[in-house]
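1. structure, please.
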Amino acid sequence: MSFLVWGRPHEDAFILFRYCKNLAAGQGIVFYPGGPHAEGATDFLWMVAVTSVHRLGIDVALAALVLNSLGFYIAAQILLSSWPRSWPFRLAVVLQLASPLALAGYVGFSVTLYSSISLALLALYVRGRILLIPAIALLLGLLRPDGVIIGIVFTVLGLIDAWRTQKTRPFLATSAICLLVGTGYFLWRWHYFGLPLPLPLYVKSHYTQSFPGLFGILDFLLACVLPPALVGIGAPWLLGRSNAPTRRLLVGFLPFLVHLASFVFSIHSQNVANRFQAPAALAAVFIAYSLIAGNLTRRRQLALSGMAIAAFLPLVPIARSAWHDGFEHDYLPRFAHDLGAILPPTRRIALTEAGQIPFWTEASALDLVGLNAPETAQRPPTADLLKRFDPDMLMLHPAGSLDESRIDDGSGQDVIPIRIPIREAVHPHLRNLLSTDLPDYRQLGEENVRIAPLATWAIVGDDPHYEFYAVRYKGSYGRFHIYAFRRGLPERDAILELLRKAHTESPKGYWTLRSSKTPT
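-> Down below sits the predicted model:
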């Protein structure tokens with residue numbers, strides 16, 4: 001709760017919170033009231049859980065913290081029940097509060113609960129309680145779509161164990177029931193949303209490199225897996241070996257390695273605190289300390305505590321970055337909140353930043369990047385789409401496509417009228433993408449976030465019915481968000497005043513904004 005008072009959820013977490021609010025209000029799984037069914041919230045069971053808690057009268061962001069607290073409790077109980085009750089092992093558990101296990105959970109993502117369920121699968125496998133594995137694997141896959149990978153590999157390992165221990169029949173029966181439930185869910189969601197996969201999976205599959213996630217995975221392995229691995233390898237040599245089931249522990253890491261390998265083929269956008277790979281980080285800690293669990297002398301306890309702290313040090317930059325995301329000073333949190341108070345539900349917004357602005361308003365919102373709009377997930381925005389949606393306001397992140405020096409008039413203002421055609425500020429090597437008839441993203445071989453603003457400017461950039469403004473963000477006069485307002489929009493002057501005001505006032509945490517008076 002104290003985090004929400006001083007900090008705020010991540011931009012992408014607000015997307016899921018908006019789905020939760022709409023679902024709780026009986027609108028269905030839609031990005032905006034009255035909009036089409038859209039699966040921008042990839043964490044299906046997490047969305048349902050947050051919505052259920054929210055329906056009890058608890059704020060959605062607080063509901064996410066409550067559920068992640070439950071996840072941390074589950075993880076802590078599994079760790080403590082597997083290790084001795086000596087303080088070096090307790091220290092290793094406490095350090096998880098500042099690890100990927102928890103940090104991304106503070107800003108609203110499902111990572112803590114998701115990782116704890118992944119750890120439960122590992123613990124069940126290590127302890128030989130294989131009959132529960134299919135059910136927990138199904139739960140994990142419903143929490144996050146990539147959890148299916150971890151769940152399937154653990155189920156295969158469990159099947160091998162079942163064959164060896166003559167438990168094949170009950171294991172297959174349990175697996176068959178879970179498979180039927182999972183297949184039923186998949187067919188339902190395909191029918192409900194009209195697409196076999198969640199929208200973000202389509203968006204993050206558009207890239208130019210052959211293996212776009214390779215270096216991200218290597219960085220993760222060095223920062224989050226190698227340090228505990230060194231503890232697991234070095235501590236037995238220094239402190240003496242334990243009776244831990246070494247082979248079973250190491251085989252139990254295989255599902256997490258397969259899971260990590262799957263990220264080599266996708267873009268790691270918004271990977272706050274390495275949240276996508278957090279299950280592997282937690283599993284590595286569990287395995288490392290399980291390998292050395294046993295009775296330790298006082299001197300060995302001190303040595304092990306030093307190793308625990310040393311293994312945590314590479315995570316400090318990751319922790320600092322994630323913490324900064326929750327507390328950074330920017331205009332958008334205050335502006336988005338105040339905009340929601342003055343913008344009627346009948347207004348329509350087209351935008352590339354689909355988190356905070358849509359969360360605070362009831363206006364219809366078209367996600368130009370495609371995370372929440374089937375029309376733009378697989379192909380760039382089209383003239384026909386924008387004509388049908390007919391936005392009153394546009395908000396776009398340039399994603400490095402603009403030469404900001406062409407926009408900055410040198411006045412040092414936070415909100416600057418753009419007096420040149422927006423296409424003239426586009427970098428020359430990208431102007432070939434200023435087209436109203438671009439092919440789909442797979443043919444382009446470019447990321448959605450790069451193409452969406454260019455395609456939009458090609459359509460509305462010369463439209464005399466809109467006026468454009470550059471708005472400084474993150475304290476930099478070299479970075480802008482681009483806003484466009486329909487000429488004659490009644491709220492136009494009030495919105496510009498809110499933009500200026502949001503740059504000059506002190507930053508406020510989510511709970512403070514939620515409880516504050518709205519502008520009139």
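
2. you'd agree residue 467 is in a strand?
-> Yes: if the criterion is DSSP: H, G, I helix; E, B strand; the rest coil, then residue 467 is within a strand.

3. state the distance from the closest residue to residue 182 other than its chain neighbours to residue 6.
-> Using CB to CB, 6 or more residues apart in numbering and skipping the chain neighbours, the partner closest in space to residue 182 is residue 138 (5.6 Å). Just so you know, the C-beta spots here come from the backbone N, C-alpha and C atoms, and that holds for glycine as well. Residue 138 sits 38 Å away from residue 6, going by CB to CB, to the nearest Å.

4. between those two, which has more neighbouring residues?
-> residue 138 (23 against 14; other CB atoms under 10 Å).

5. after the helix or strand hosting that one, which helix or strand is next?
-> Using DSSP states H and E, residue 138 sits within helix 133-143. Downstream of helix 133-143, the next assigned helix or strand under DSSP H and E is helix 147-164.

6. list the contacts of that following helix.
-> Counting by CB atoms under 8 Å, 6 or more residues apart in numbering, the neighbours of helix 147-164 from elsewhere in the structure are 114, 117-118, 121-122, 125, 128, 130-131, 133-134, 136-138, 140-141, 167-168, 170-172, 175, 251-252, 254-256, 258-259, 262, 279.

7. keep only those of the residues you listed that are in strands.
-> Of the contacts of helix 147-164, none are assigned to strands by DSSP state E.

8. can you give me the helices in the stretch 251-400 of the chain?
-> Remark: helices assigned in the stretch 251-400 of the chain by DSSP state H, counting those that start in this stretch are 254-262, 278-290, 298-312, 316-327, 332-342, 356-360, 374-377, 383-389.

9. could you dump those to a markdown table with mean neighbour count, mean pLDDT and distance to residue 509?
-> As requested, the helices of the stretch 251-400 of the chain are exported to a markdown table (neighbours: other CB atoms under 10 Å; pLDDT from 0 to 100; distance: least, CB to CB, whole Å):
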| stretch | mean neighbour count | mean pLDDT | distance to residue 509 |
| --- | --- | --- | --- |
| helix 254-262 | 18 | 94 | 34 |
| helix 278-290 | 26 | 88 | 24 |
| helix 298-312 | 17 | 75 | 27 |
| helix 316-327 | 16 | 70 | 8 |
| helix 332-342 | 22 | 93 | 8 |
| helix 356-360 | 25 | 94 | 13 |
| helix 374-377 | 22 | 92 | 32 |
| helix 383-389 | 14 | 94 | 33 |
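
10. ok, which of those helices comes nearest residue 224?
-> helix 278-290 (4.1 Å; CB to CB).

11. quick one: contacts for residue 175?
-> Here residue 175 is in contact with 134, 155, 159 (CB under 8 Å, 6+ apart).

12. which residues of the stretch 151-300 of the chain score low on pLDDT?
-> Where the stretch 151-300 of the chain drops to pLDDT under 70, the residues are 208-209, 234-244, 294-297.

13. mind listing what's buried in the helix or strand where residue 3 lies?
-> Residue 3 is part of helix 2-6, with elements assigned from DSSP H and E. Of all the residues in helix 2-6, those buried under the rule 16 or more other CB atoms under 10 Å are 3-4.

14. for that helix, packing partners?
-> Using 3 or more CB pairs under 8 Å, 6 or more residues apart in numbering; DSSP states H and E as the contact test, the elements touching helix 2-6 are helix 60-82, helix 510-515.

15. distance between the ends of stretch 161-171?
-> End-to-end distance of stretch 161-171 (CA to CA, to the nearest Å): 10 Å.

16. any idea how far it is from the chain center?
-> Averaging C-alpha positions (CA atoms, centre = their mean, to the nearest Å) puts stretch 161-171 37 Å from its chain's average.

17. before we move on, what SS does residue 28 have?
-> coil.

18. number of nearby residues for the nearest residue to it once chain neighbours are set aside?
-> Using CB to CB, 6+ apart and skipping the chain neighbours, the partner closest in space to residue 28 is residue 37 (6.3 Å). The tally of other residues near residue 37 (other CB under 10 Å) stands at 15.

19. contacting residues around residue 37?
-> Residue 37 is in contact with 28-30, 192-194, counting by CB under 8 Å, 6+ apart.

20. need those residues in TSV with distance to residue 349 and neighbour count, can you?
-> TSV is the format used below for these (distance: CB to CB, whole Å; neighbours: other CB atoms under 10 Å):
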residue	distance to residue 349	neighbour count
28	20	15
29	20	20
30	15	17
192	25	12
193	22	18
194	23	12
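
21. need those residues in TSV (columns: distance to residue 41).
-> Supplementary listing: these in TSV, determined by distance: CB to CB, whole Å:
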residue	distance to residue 41
28	12
29	7
30	10
192	13
193	11
194	16
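
22. which of those sits closest to residue 201?
-> So of the contacts of residue 37, ranked by how close each gets to residue 201 (CB to CB), first place is residue 193, at 11.9 Å.

23. do I have it right that the residue nearest to residue 182 meets residue 180?
-> No: at 10.0 Å, residue 138 does not count as touching residue 180 under the criterion of CB atoms under 8 Å.

24. ok, and what's touching the longest strand along the chain?
-> Counting by DSSP E, the longest strand found in the chain is strand 476-486. Applying CB under 8 Å, 6+ apart, the contact partners of strand 476-486 are 353, 391-398, 402, 404-405, 407-408, 412, 416, 418, 422, 453, 460, 465-473, 492, 495, 499.
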